[in-house]
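Undergrad: this one's structure only:
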Ligand SMILES: [Fe+2]
């Protein structure tokens, strides 16, 4: 998930400064049981509600293996396939650091998991959101390229103090995007794929608006950090989203209006 700035006594400037060992052995028996509970519940809920490359990624990365995945095991499969590399972080990282990671095909995952009391509500993304929600799509060659490209655009935009433009693009694609597949409406974004409540809400609630996706509309549309999105952007296909994003350059992003 795109994450907000943390405060430290000495702000780090390189993405490498935010990386910590995952310390997989520190996950307790109950942590692993929480992962298993979340995984089983979410796979059952998603069924065919999610884009098919997501399900392919789950299988490929063997995420159905019981317990919290260890990052080395994920990287052993993911890195040779698409060049993406998972690293552990202790919590929230600033947007510019996050985009710098994406630009180098590095994806940060929390080194912690929610408790049983937090199954449906999270203040900060944990390893279930990060690993279950994000990593499967990074095993898809073209989506892997999209994520890197968003990182490059985000780096440039943050350097110009215009990071919000790319944050919105990221949010309406990688986190909360919907896309059509074989005529059906499917979840594309990790924030939806990993959420028990919002997966259903985004596709089926009458309270949510579903609008056709375009780059311009993504940059114009604000998002919510702390509630279900009031509107979702629906691409005509995953391939269309990928083509649109990859065709975007930094000059174009900077020229798009942020307001209606
Ligand atoms: Fe996320």
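TA: That came through, no problem. Not measured: the values here are computed from a predicted model. Numbers count the residues shown, from 1 in each chain.
Undergrad: Pull the number of nearby residues for residue 239.
TA: Residue 239 is flanked by 13 other residues according to other Cβ atoms under 10 Å. Just so you know, the C-beta spots here come from the backbone N, C-alpha and C atoms, and that holds for glycine as well.
Undergrad: Which elements pack onto the helix or strand encompassing it?
TA: Applying DSSP states H and E as the criterion places residue 239 in helix 238-246. Using 3 or more Cβ pairs under 8 Å, 6 or more residues apart in numbering; DSSP states H and E as the contact definition, the elements that helix 238-246 packs against are helix 141-159, strand 178-181.
Undergrad: In JSON lines: these, plus distance to residue 104 and mean neighbour count.
TA: Shown next, in JSON lines, are the helices and strands packed on helix 238-246 (distance: least, Cβ to Cβ, whole Å; neighbours: other Cβ atoms under 10 Å):
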{"stretch": "helix 141-159", "distance to residue 104": "7", "mean neighbour count": "20"}
{"stretch": "strand 178-181", "distance to residue 104": "26", "mean neighbour count": "22"}
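Undergrad: ok, back up a step: go ahead and name everything in contact with the helix holding residue 239.
TA: The contact list for helix 238-246, computed with Cβ atoms under 8 Å, 6 or more residues apart in numbering, reads 51, 53, 142-143, 145-146, 149-150, 169, 173, 177, 179, 181, 188, 213-215, 235.
Undergrad: which parts of it are buried?
TA: 238, 241-242, 244-245 (16 or more other Cβ atoms under 10 Å).
Undergrad: Give me the angle between it and helix 141-159.
TA: With axes from the mean of the first three to the mean of the last three Cα atoms, to 10 degrees as the basis, helix 238-246 and helix 141-159 are set at 30 degrees to each other.
Undergrad: how about residue 111, what does it touch?
TA: So residue 111 contacts 20-23, 88-90, 127 (Cβ under 8 Å, 6+ apart).
Undergrad: Out of the residues you listed, which comes closest to the ion?
TA: If you rank those by distance to the ion using Cβ to the ion, residue 127 comes first, at 11.3 Å.
Undergrad: Give me the number of neighbouring residues for residue 53.
TA: Counted with other Cβ under 10 Å, the neighbours of residue 53 add up to 20.
Undergrad: Residues contacting the one helix or strand residue 96 maps to, please?
TA: If you go by DSSP H and E, residue 96 is part of helix 95-103. The contact list for helix 95-103, computed with Cβ under 8 Å, 6+ apart, reads 2-5, 12, 14-15, 18, 87, 93, 107-108, 147-148, 150-155, 157-159, 163, 166-167.
Undergrad: hmm, the helix or strand harbouring residue 202 in reach of the ion?
TA: Taking DSSP H and E as the criterion, residue 202 maps to helix 196-204. No: contact of helix 196-204 with the ion (Cβ under 5 Å from the ion) is absent, the minimum separation being 12.2 Å.
Undergrad: repeat for stretch 217-225
TA: No: using Cβ under 5 Å from the ion, stretch 217-225 stays clear of the ion, coming no nearer than 11.1 Å.
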